[in-house]
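Chemist: let's see this in three dimensions:
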Amino acid sequence: MIQTVFILMKFTKNAILFLTFLLIAAACKEEKKAPVQTTGEATEVPPPAKIKLIFDTDANNELDDQHALAYMLLNGNTFDVRGITVNATRNGEGIQGHYDEAERVMQLCNLKDVTPLLKGANSNFKEIAENFDPTNYDGQEGVDFILEETKKESVIVVAVGKLTNIALALKKDPSFAERTKIVWLGSNYPAPGEYNQENDTIAMNYVLNSTVPFEMVTVRYGKPSGTDAVAVTRSEINERMPGLGPTANQPITGRHGGTFHTFGDYSVNLFAHIFDHLADDNPKKSRPLFDMVALAVLKNTAWGETTSIPAPILIDNQWVERPNNAREIILWENFAKELILNDFYRTIENPVPITIPH
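Modeler: Predicted structure coming up:
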């Protein structure tokens, strides 16, 4: 009996020693997994890189350009804005009108002199390209700026009006296609029509036939799959926007008159006038923020769906598919309306102005 107890005690002692050895070995193994700190300071995770872009706009067309501008200018943690160029579409009082409206929004954001604002094309691509003089042409200030900025480093061009400035950049310097990407808000593809497209169809086809990487953020009037669906009502703007945004150091006189110190108050005014011609009970008293969506899907690509397709062409206002075309473009559709609009409101409520690029 005594011998049995002794054997059990010896076995238990050996088991305890063996278990202790296993625990120490496991601890050493875990210790080896821990990162080795080579300095006396904690390692910092670098912030995500900002999206470098040039914004090409017909700012005085209606009201979505202004909201896109404010969203971009007050998203300083996301966007590194290298410049803003304007072009003239058939609404907006010519190139000066579009320039003035962009400047108003920049001033409301206290960013009038933080990033360059330049005039691009006043007329269309066909008129300018017919007797093209690369040393002196309509839109030269804005187009040359786009060309020079994209030579310095990788910069995306977000175009939310007609594509005249982009086509001119490609015509003057075909190598432009190798150093940038175009994100364009436009087209009802695969249906005909759409304002930006119709203002310079020849410029659009010229870009589609080029090799520049091209992403089309669809509009699709009346369809749930396009940016037309990302709409807000006048009553929602009246409720959400008053007083939002930075207080301008220097107030503006709005394009419809009146004095404004914040973009939020100007937004209310813009929505008031866009519906002047509609009855109070008209169901169209909502307005899409088309242009803003092109920026939102750059900020978060999950807020839209993409498809790669062979680049089509528009002939006699009808889209012609080219299934054997090796040149492909990206098509954006099916946008997350609520997420995008919530981010827009959060941005204007808690603005982070862009900074001067270094």
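Chemist: secondary structure class for the most centrally placed residue in the chain?
Modeler: Geometric centre of the chain, nearest residue: L295, 1.6 Å, by C-alpha atoms, centre = their mean. Following DSSP: H, G, I helix; E, B strand; the rest coil, the label given to L295 is helix.
Chemist: what sits against it?
Modeler: 68, 71-72, 75, 79, 158 (C-beta atoms under 8 Å, 6 or more residues apart in numbering). Using the backbone N, CA and C atoms, a C-beta is placed for each residue, glycine as well.
Chemist: mind checking how far it is from E93?
Modeler: 25 Å (C-beta to C-beta, to the nearest Å).
Chemist: show me where this protein has its strands.
Modeler: Taking DSSP state E, the strands of the chain run over residues 51-57, 79-86, 117-119, 155-159, 180-185, 214-217, 231-233, 252-253, 259-260, 286-288, 305-310, 313-315, 318-320, 328-333.
Chemist: A191 is nearest to which of those?
Modeler: strand 318-320 (7.6 Å; C-beta to C-beta).
Chemist: so which residues make contact with the closest one?
Modeler: 189-192, 312-314.
Chemist: ditto for stretch 132-141
Modeler: Contact with stretch 132-141 is made by 87, 118-123, 127-128, 143, 164-165, 168, 171-172, as judged by C-beta under 8 Å, 6+ apart.
Chemist: going by neighbour count, which of the residues you listed comes out on top?
Modeler: T164 (35 neighbours; other C-beta atoms under 10 Å).
Chemist: distance of it relative to A177?
Modeler: Distance of T164 to A177, given as C-beta to C-beta: 16 Å.
Chemist: now do G83
Modeler: If you measure G83 against A177 using C-beta to C-beta, the figure is 19 Å.
Chemist: those two: which is more packed in?
Modeler: G83 (20 against 17).
Chemist: from T164, how far off is the more buried one?
Modeler: The gap separating G83 from T164 is 17 Å, by C-beta to C-beta.
Chemist: ok, now V232?
Modeler: 29 Å.
Chemist: what of N249?
Modeler: Look at N249 and T164: by C-beta to C-beta, they are 34 Å apart.
Chemist: ok, A326 next?
Modeler: Taking C-beta to C-beta, one finds A326 at 26 Å from T164.
Chemist: likewise I182?
Modeler: The gap separating I182 from T164 is 13 Å, by C-beta to C-beta.
Chemist: cool, V183 as well?
Modeler: From V183 to T164 the distance is 16 Å (C-beta to C-beta).
Chemist: quick one on the thing from earlier: among the contacts of strand 318-320, show me the least confident.
Modeler: The member of the contacts of strand 318-320 with the lowest pLDDT is P192, at 93.
Chemist: quick check: that one touching D316?
Modeler: No: counting by C-beta atoms under 8 Å, P192 does not reach D316; the two are 9.1 Å apart.
Chemist: wait, which of the contacts of strand 318-320 is closest to I54?
Modeler: Of all the contacts of strand 318-320, I54 sits closest to Y189, with 23.7 Å by C-beta to C-beta.
Chemist: mind putting the contacts of L295 into JSON lines with pLDDT?
Modeler: Shown next, in JSON lines, are the contacts of L295 (pLDDT from 0 to 100):
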{"residue": "A68", "pLDDT": "98"}
{"residue": "Y71", "pLDDT": "98"}
{"residue": "M72", "pLDDT": "98"}
{"residue": "N75", "pLDDT": "98"}
{"residue": "F79", "pLDDT": "98"}
{"residue": "V158", "pLDDT": "98"}
